[in-house]
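Student: Sequence isn't available, so here's the structure alone:
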Ligand code: GRF
């Protein structure tokens, strides 16, 4: 199973998946990294790991249709089976979404459907969880469709919210769990325990 990543910033989830592949815990191959940010740590990680990395963004492709096509062509030319969004801050275009329908995963740092949607990214999510007095939060791996954070849920893990949690302390504990649940969910796909129904390459 060839995994293609889209990541905007740090790429720590991407790294956790790459590490799981290297350790034999995930029977898959990381084959390509695409970032909308030419200076991202994610692209740096790709270079370190010897994985082809591409900066594709509104800068390289000012026209949204050509950007969508460039992303799709890059995924196809690297024979990607499953797309893993890992802190990707942009929406995918309609061509890429259609061609990989049902085979694009994302991870969100809360228990969807709560605390998702437009504007719910990074610390905003953890701030919202704490502000609403939740006693638990967590992480959700889900399939991606046209809307933010709305596709079918594949896996969730719970994390207790402590009374003295700040958004930062909660984010750190959730991120630890993200690094476990994302590779574990991909392994279930690789072994067929979770069946993705989307078109195969
Ligand atoms: C994670 O919290 C993930 O849930 C969200 O974006 C963050 C990405 O972190 N979608 P990283 O780039 O994987 O370190």
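Tutor: Arrived safely. On a predicted model such as this, the values are computed, not experimentally measured, just so you know.

Student: For the closest residue to the ligand within the chain, grab the count of nearby residues.
Tutor: Closest contact between the chain and the ligand, by C-beta to the nearest ligand atom, is at residue 87 (2.7 Å). The way it works is simple: take the backbone N, C-alpha and C, and place the C-beta from them, glycine included. Per other C-beta atoms under 10 Å, the neighbour tally for residue 87 reads 24.

Student: can you check residue 79 too?
Tutor: Residues near residue 79, counting by other C-beta under 10 Å, number 12.

Student: Once you drop chain neighbours, what's closest to it?
Tutor: Using C-beta to C-beta, 6 or more residues apart in numbering and skipping the chain neighbours, the partner closest in space to residue 79 is residue 2 (5.3 Å).

Student: Pull out the buried positions in the longest helix along the chain.
Tutor: As assigned by DSSP state H, the longest helix anywhere in the chain is helix 167-191. For helix 167-191, a neighbour-count test (16 or more other C-beta atoms under 10 Å) marks 167, 170-171, 173-175, 177-179, 181-183, 185-190 as buried.

Student: check the residues you listed against the ligand, which are close?
Tutor: Contacts with the ligand within the buried residues of helix 167-191, counted by C-beta under 6 Å from any ligand atom: 175, 178.

Student: other SSEs contacting the longest helix of the chain?
Tutor: Where contact means 3 or more C-beta pairs under 8 Å, 6 or more residues apart in numbering; DSSP states H and E, helix 167-191 is packed against helix 12-22, strand 82-85, strand 104-108, helix 123-131, strand 136-143, strand 153-160.

Student: could you check the angle strand 104-108 makes with that helix?
Tutor: Comparing the axes of helix 167-191 and strand 104-108 via axes from the mean of the first three to the mean of the last three C-alpha atoms, to 10 degrees yields an angle of 150 degrees.

Student: List the buried residues for the helix or strand hosting residue 96?
Tutor: Under the criterion of DSSP states H and E, residue 96 resides in helix 94-99. Across helix 94-99, burial judged by 16+ other C-beta under 10 Å covers 96-97, 99.

Student: Turn these into JSON lines, including distance to the ligand and pLDDT.
Tutor: As requested, the buried residues of helix 94-99 are exported to JSON lines (distance: C-beta to the nearest ligand atom, whole Å; pLDDT from 0 to 100):
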{"residue": "96", "distance to the ligand": "18", "pLDDT": "97"}
{"residue": "97", "distance to the ligand": "17", "pLDDT": "96"}
{"residue": "99", "distance to the ligand": "22", "pLDDT": "96"}
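
Student: interface residues of the chain facing the ligand?
Tutor: By C-beta under 6 Å from any ligand atom, the residues of the chain that approach the ligand are 7, 9-14, 86-87, 107-109, 175, 178.
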